[in-house]
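Novice: Okay, sequence plus prediction incoming.
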Amino acid sequence: MQFFYKQRYLKRFGRFPRHEQLLILETDRQIQSYYATRHAPFGLRIKQLYARGAEKILEARVTSSIRIVWAERVAAVSFVLVGSHDDVQRYLRSLR
């Protein structure tokens, strides 16, 4: 599985304070581990938000207020957004 990071994701990541960046990096590591083992820790709370053909949009919780959103395709994962619940809702509306 290949992992990619969209510019939007990287830009938003840079805006978070250092302690939250560390939490985001740990969650990112857990997501990548999930794809290697297909076992996710309970606190990650992976949820499928949207599916279209072979593409799925999924979300995981970093904290109660920070989410990571990524797109899963056949052999690639693209991290598209890190932000709040409202940011995720806006992103999903933009897909329709």
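Specialist: Right, received. Where do you want to start? Numbering: from 1, shown residues only.

Novice: Contacts only, for Ile66.
Specialist: Listed by C-beta atoms under 8 Å, 6 or more residues apart in numbering, the contact partners of Ile66 are 16, 20, 23-24, 82-84. Where you see a C-beta, it was placed from the backbone N, CA and C, and this is true even at glycine.

Novice: I'd like to know which of the residues you listed are part of helices.
Specialist: The helices, defined by DSSP state H, take in 20, 23-24 from the contacts of Ile66.

Novice: Separate out the buried members of the residues you listed.
Specialist: Buried subset of the ones in helices among the contacts of Ile66 (neighbour count, 16 or more other C-beta atoms under 10 Å): 20, 24.

Novice: now, among the ones in helices among the contacts of Ile66, which is nearest to Glu55?
Specialist: Glu55 lies nearest to Ile24 out of those, by C-beta to C-beta, at 23.0 Å.

Novice: Quick one: residues contacting that closest one.
Specialist: 13, 16, 62, 66, 68, 82.

Novice: ok, the residue lying closest to Phe4 once chain neighbours are set aside to Gln7 distance?
Specialist: Distances taken as C-beta to C-beta, 6 or more residues apart in numbering place Ser78 nearest to Phe4, at 4.6 Å, with adjacent residues excluded. Separation of Ser78 from Gln7 (C-beta to C-beta, to the nearest Å): 11 Å.

Novice: the more surrounded of the two?
Specialist: Each of Ser78 and Gln7 has its neighbours counted (other C-beta atoms under 10 Å); Ser78 has more, 17 against 8.

Novice: element containing the more buried one?
Specialist: Here Ser78 sits within strand 76-83, counting by DSSP states H and E.

Novice: Give me the contact list for that strand.
Specialist: Strand 76-83 is contacted by residues 1-6, 8-9, 12-13, 16, 24, 28, 31-32, 35, 57, 62, 66-71, 87-88, 91 when judged by C-beta under 8 Å, 6+ apart.
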